[in-house]
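Asks: Provide a 3D model corresponding to the input given below.
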Amino acid sequence: MSMIPWKRVHRGLAQYARTHEIHPTRVEQVMLALQALLKIAGDGSRSRQAMYRLGCALLAPKPHIFVPVCPDYSNKDGKYTYEGMGDGIPLLFNKHRPFVSQVLKIVPEAQVTILIADHEGGLPDFRVAHHVTLEEFRTRVERTRAKVKQASPKTWEVHMFTEVFPGFLTKAWDEAHVLLIDAKMRERLELDTLRRAPLYDKIGYPREGRLERTAHVAGQYVCLGHEVRSRGALVCNHTTTSLSWYGPTQVAVLHNPVVIY
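Replies: Model prediction:
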């Protein structure tokens with residue numbers, strides 16, 4: 001905790017509060033919350049910049065936390081096996097629930113929205129890898145949503161990605177194309193593709209087209225970052241090589257340090 005320059009964070013938040021006509025006492029409350037969050041958050045939230053962005057989002061009267069989760073993909077011993085798709089409660093939801101519950105003890109006024117990644121059904125190669133048709137995907141993910149809703153605290157909202165962010169898949173592809181034509185971003189995507197090779201092998205993706213797949217994943221993170229930031233909210237995310245793609249969007253990231261791959 002001592003590595004965070006808290007005085008700089010405080011000055012930044014005080015300036016933000018003045019600009020947005022937020023009472024100074026709220027800044028002091030948020031500073032205490034940030035120091036408590038740092039004790040449970042992962043590396044993706046452990047920097048001055050990350051703390052500042054989280055602080056700005058927490059200064060809202062009712063901070064909003066978006067929690068994206070995958071559908072019910074097969075898993076074993078806390079890791080995805082990608083052998084198929086069920087219609088139960090997703091592994092990632094089970095990983096996020098205790099973490100988010102801890103966050104709410106620190107920020108009890110926060111609103112939580114679980115986002116089920118129904119847009120992944122729009123990826124033909126992904127459906128093939130999970131042995132489901134589009135109709136089966138939609139049916140199973142709807143059952144998953146109902147079960148997640150039942151398993152969540154009553155104050156939590158549970159929605160499909162595409163309900164909250166219409167056209168998300170198309171926007172993510174647009175972001176992917178922008179990244180691919182940028183020389184520096186393409187080099188970064190190539191490195192990410194190498195890092196994600198074991199995951200792609202597990203899923204069963206052919207080697208051809210993996211760079212584009214990585215670009216689309218990155219595009220999803222960039223797109224979600226922009227969407228969440230535009231609402232002045234926070235995004236809660238697990239550990240992944242793609243976490244860094246939130247950076248350029250300047251969104252507030254609450255990193256849950258769990259590994260699911």
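Asks: so who does residue 111 touch?
Replies: Taking CB atoms under 8 Å, 6 or more residues apart in numbering, we find residue 111 in contact with 62, 63, 64, 65, 155, 157. For glycine as for every other residue, the C-beta is placed from the backbone atoms N, C-alpha and C.
Asks: Return the set of residues that bridge with it.
Replies: Assessed by DSSP bridges, residue 111 has beta-bridge partners residue 64.
Asks: Please determine how far it is located from residue 11.
Replies: Using CB to CB, to the nearest Å, residue 111 is found at 28 Å from residue 11.
Asks: Mind putting the contacts of residue 111 into TSV with pLDDT and neighbour count?
Replies: Below are these laid out as TSV (pLDDT from 0 to 100; neighbours: other CB atoms under 10 Å):
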residue	pLDDT	neighbour count
62	96	8
63	98	22
64	98	17
65	98	23
155	97	9
157	98	15
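Asks: Nearest to residue 163 among these?
Replies: Comparing the contacts of residue 111 against residue 163 with CB to CB places residue 157 closest, at 10.3 Å.
Asks: Isn't the closest one up against residue 110?
Replies: No - contact criterion CB atoms under 8 Å: residue 157 and residue 110 do not qualify, at 11.9 Å.
Asks: Extract the CA atoms of the lowest-mean-pLDDT helix or strand in the chain and return them as CSV.
Replies: Lowest on mean pLDDT, DSSP states H and E among the helices and strands of the chain sits helix 124-129, with a mean of 84. Written as CSV, here are the backbone C-alpha positions of helix 124-129 (Å, rounded to 0.1, in the frame of the first residue of the first chain):
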residue,chain,number,x,y,z
PRO,A,124,-19.4,-19.1,-35.4
ASP,A,125,-16.0,-20.6,-34.6
PHE,A,126,-16.7,-20.2,-30.9
ARG,A,127,-20.0,-22.1,-31.2
VAL,A,128,-18.3,-24.9,-33.2
ALA,A,129,-15.6,-25.2,-30.5
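Asks: Okay then, goodbye and thanks.
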